[in-house]
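[1] quick one: sequence plus predicted model below, questions after.
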Amino acid sequence: MENLQPRKGVVHASVIACAALVVSSWPGMVRAVPRAKKEIAVKLTQTWDKTFPNSVKVDHQKVTFETRYGITLAADLYLPKDRAGKKLPALVVSGPFGAVKEQSSGLYAQTMAERGYVTVAFDPSFTGESGGAPRNVASPDINTEDFSAAVDFLGLQPSVDRSRIGLIGICGFGGMGLNAAAADKRIKAVVTTSMYDMSRVMAKGYYDRRTKDQRAQMLEEMSVQRWADAEKGAPAAGPRILPETLEGITDPVVRMYFDYYRTPRGFHVRSPNSNGAWTATGAMSFMNMPLLTYVDEISPRPVLLIAGENAHSRYFSEDAYKAAAEPKELMIIQNADHVDLYDRSDKIPFEKISEFFGKNLSERSGSERSASAPRDDAGTAANRVTPSTARP
């Protein structure tokens, strides 16, 4: 991965890693600067425009709900057709970072609904059909809150047992999901696939290769950019997240992402990764706010981290596994890269995910689940690292 060196500029240090906050007018400035618009009307597309076919086993609804910051999130609610008035376990699903609910998260949500769960896949704040202005920004705090707002929504649904809500986070929203679960004790079990720690990769670059001088230069550039944004009254866009073509592109990670987001396989017009750019001050809010500081506080609730054997991002899952407390499990999917776990149903271990949630979102109490965790000879919960070839 020699090509994964920190790039000059704001967003190219990581292929899909940017977020920003709008600069408001300063009261003491000589001339008034218009503030960015605070909210936009949420318009929901009612036609099926996913990157995967709809399932005849599932009822689907477009829904909205608000975060505690007053941002309206757009989401897809999936319900098993054979629910028959029962109270069911439920899952909140989001990611990858820069994707929309019509892509990977929707596929996961619909598939798990086929397996008996009420699921909701949402567009994060400021992206897709969700509200929030300016557009195409991210925040370690706000995007963590997005998950908890989805839990709020699910817990009010008549078909949901609110004591049995789990979370699936994909790519960069794997890290955000772990952060949400550490704080929000209503989340009873967590699965991540191809997990990224966005705060780490933005602050330190891939494989933590960014030097202190490079970090300082990035922060200096973004700080100066905020003056330009304040003067214009709106944040400037950074460069495209992914190139329009692969001409001259040799970076294997860029080519891998391109193969999903920029081709019929995964392209969606509302996806920033497919069709847009983050703001130029993108990484600023993530660089001093490490998301996984309290990942050990998810315990005694269980965590399953899934990564591809050949994924450039595998180390994020491995390090999160080391930092998490029991019960925890790391599953490595043989012959899979990072993006394979977005949509390749022959590689995504849905059987394992179903087994994990079936056990940990059962009607047994949390204490019973904790007591049933495997123990080693010293009496502590046994670590589990599972190599696997997934089955559809």
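    It's in. Only a predicted model underlies this, so the values are computations on that prediction, with no experimental measurement involved.
[2] correct me if wrong, but T119 is in a helix.
    No - in this structure, T119 is strand, not part of a helix, as judged by DSSP: H, G, I helix; E, B strand; the rest coil.
[3] wouldn't it be in contact with L88 here?
    No - at 9.8 Å, T119 does not count as touching L88 under the criterion of Cβ atoms under 8 Å. (Each C-beta comes from the backbone N, C-alpha and C, glycine too.)
[4] please identify which of those two sits among more neighbours.
    Shown here are T119 and L88; by other Cβ atoms under 10 Å, T119 has more neighbours (31 against 19).
[5] can you name the residues bridging to the more buried one?
    Y78, L91 (DSSP bridges).
[6] how about the contacts made by it?
    77-78, 90-93, 108-110, 112-113 (Cβ atoms under 8 Å, 6 or more residues apart in numbering).
[7] make it 7 Å
    Contact analysis of T119 by Cβ atoms under 7 Å, 6 or more residues apart in numbering lists 78, 90-91, 93, 109, 112-113.
[8] going along the chain, name the strands of the stretch 1-150 of the chain.
    In the stretch 1-150 of the chain, the segments counted as strands under DSSP state E, counting those that start in this stretch are 58-66, 72-80, 88-94, 118-122.
[9] of all those, which lies closest to E221?
    E221 sits nearest to strand 88-94 of all the strands of the stretch 1-150 of the chain, at 29.3 Å, using Cβ to Cβ.
[10] so how far is that closest one off the chain centroid?
    With Cα atoms, centre = their mean, to the nearest Å as the basis, strand 88-94 stands 14 Å off its chain's centre.
[11] other residues contacting that strand?
    Contacts for strand 88-94 (Cβ under 7 Å, 6+ apart): 105, 108-109, 112, 116-122, 124, 146-147, 150-151, 154, 159-161, 164-169, 173, 357, 361.
[12] also stretch 168-183?
    Contacting residues not belonging to stretch 168-183 are listed as 91, 93-97, 104-105, 108, 143-144, 147-148, 167, 187, 190-198, 291-292, 294-295, 297-298, 301, 320, 342 [Cβ under 7 Å, 6+ apart].
[13] now, which of these lie within helices?
    104-105, 108, 143-144, 147-148, 198, 320, 342 (DSSP state H).
[14] let me know the closest of these to G205.
    M198 (12.3 Å).
[15] report how many residues lie close to the closest residue to the closest one other than its chain neighbours.
    Excluding the flanking residues, the one nearest M198 by Cβ to Cβ, 6 or more residues apart in numbering is G172, at 4.5 Å. G172 has 33 neighbours, counted by other Cβ under 10 Å.
[16] need phi/psi at G172.
    phi -60, psi -30 (degrees, to the nearest 10).
[17] that one and N273, how far apart?
    Separation of G172 from N273 (Cβ to Cβ, to the nearest Å): 10 Å.
[18] contacting residues for T127?
    Neighbouring residues of T127 by Cβ under 7 Å, 6+ apart: 100, 136, 272.
[19] kindly report the same for D259.
    265, 339.
[20] quick one: pLDDT of the residue nearest to M198?
    Looking at G172, its pLDDT reads 98.
[21] separation between it and K352?
    In terms of Cβ to Cβ, G172 sits 22 Å off from K352.
[22] just give me the residue closest to the centre of this structure.
    Residue closest to the mean C-alpha point of the chain, counted by Cα atoms, centre = their mean, is F173 at 1.5 Å.
[23] CA atoms of the helix or strand hosting that one as CSV?
    Taking DSSP states H and E as the criterion, F173 maps to helix 172-183. Output in CSV follows, covering the C-alpha atoms of helix 172-183 (Å, rounded to 0.1, in the frame of the first residue of the first chain):
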residue,chain,number,x,y,z
GLY,A,172,-16.9,5.0,8.8
PHE,A,173,-20.3,4.6,10.5
GLY,A,174,-18.9,1.5,12.2
GLY,A,175,-16.8,3.8,14.3
MET,A,176,-19.6,6.2,14.9
GLY,A,177,-21.9,3.3,15.8
LEU,A,178,-19.4,2.0,18.4
ASN,A,179,-19.3,5.5,19.9
ALA,A,180,-23.1,5.7,20.0
ALA,A,181,-23.3,2.3,21.7
ALA,A,182,-20.7,3.3,24.3
ALA,A,183,-22.9,6.2,25.5
